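Colleague: Give the three-dimensional model of this entry:
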Amino acid sequence: MTSASVPRAVIFDMDNTLHSLHEAAQSAADAVSLFFGTEYNLHFTPLNRDRPSMPDEFKDFFGDENTAASAFYLYYKLELLCLREFEGIREVLQKLKDAGIHLVILSNSDGHSVYPRLSLMGMDNFFDAVFVRESFPEIKPAPEAFRHVLDFLGMEADEVLMIGDSLKNDVRAARAFGIKAVHAWYGSWEDRDKECFAESPKDILEIVFGKMFNAPVGI
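Modeller: The predicted structure is shown next:
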């Protein structure tokens with residue numbers, strides 16, 4: 001991919017890249033805490049975000065198995081209802097798709113979490129493929145995860161762009177594999193990447209099509 005070209009495909013992380021899982025999880029945790037009483041101060045950060053393991057963590061927190069099951073059910077439903085896509089991300093996806101750029105998701109979350117979130121937000125049709133934790137034996141930041149996606153696309157690393165909120169799993173892992181990467185800083189809790197970051201979703205379009213992408217920066 002030359003400095004004057006645009007990528008043939010863009011790989012998106014999902015959580016905190018397309019939508020704010022941080023805010024949805026916090027809102028759901030606060031609501032569950034309020035529902036079950038002030039003695040429970042449930043906070044989402046200690047919880048494993050992979051849905052299959054979360055019931056056990058709720059059981060450890062609440063102690064009583066029945067209470068934990070009810071709390072988890074309520075939490076999961078509320079988390080879905082609290083999901084909000086980042087402002088402008090839908091327009092970004094549409095413009096990339098209209099330009100003939102292939103879009104895929106590469107997420108470390110499990111399918112039980114990813115597919116309902118995508119469906120609820122009505123984003124299913126934007127993507128050529130959605131890869132989740134169960135899709136491959138390896139997950140990000142393993143280079144094999146990126147290899148599987150490139151094999152699906154039938155493209156080389158320098159033809160593809162990665163966008164994600166995690167410096168370790170998305171940005172640095174992609175670059176180590178030869179894929180240019182953009183830090184979705186608008187959804188990240190980490191310090192922004194020094195080489196290339198998007199402060200808002202609309203920056204993605206400037207990076208892909210405009211002077212930010214064409215500039216000789218090490219993205």
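Colleague: pull the longest helix from this protein.
Modeller: Ranked by residue count and defined by DSSP state H, the top helix of the chain is helix 65-82.
Colleague: how far does that one sit from the chain's center?
Modeller: 22 Å (Cα atoms, centre = their mean, to the nearest Å).
Colleague: can you pull the buried residues of that helix?
Modeller: For helix 65-82, the neighbour count (16 or more other Cβ atoms under 10 Å) marks 68, 70-72, 75-76, 78-80, 82 as buried. For the C-beta atoms, the positions are set from N, CA and C on the backbone; glycine is no exception.
Colleague: For it, which outside residues touch it?
Modeller: With contacts defined as Cβ atoms under 8 Å, 6 or more residues apart in numbering, helix 65-82 is touched by 23-25, 27-29, 31-32, 35-36, 40, 42, 51, 54-55, 58-59, 61-62, 116-117, 120.
Colleague: Go again with 6 Å.
Modeller: Outside helix 65-82, the residues that touch it by Cβ atoms under 6 Å, 6 or more residues apart in numbering are 24-25, 27-28, 31-32, 55, 58-59, 62, 120.
Colleague: and those as TSV, adding neighbour count, pLDDT and secondary structure?
Modeller: Output for the contacts of helix 65-82, formatted as TSV (neighbours: other Cβ atoms under 10 Å; pLDDT from 0 to 100; DSSP: H, G, I helix; E, B strand; the rest coil):
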residue	neighbour count	pLDDT	secondary structure
24	21	91	helix
25	21	87	helix
27	18	89	helix
28	22	88	helix
31	17	88	helix
32	23	87	helix
55	16	77	helix
58	22	82	helix
59	17	83	helix
62	19	82	helix
120	14	93	helix
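Colleague: Cheers, nothing more for now.
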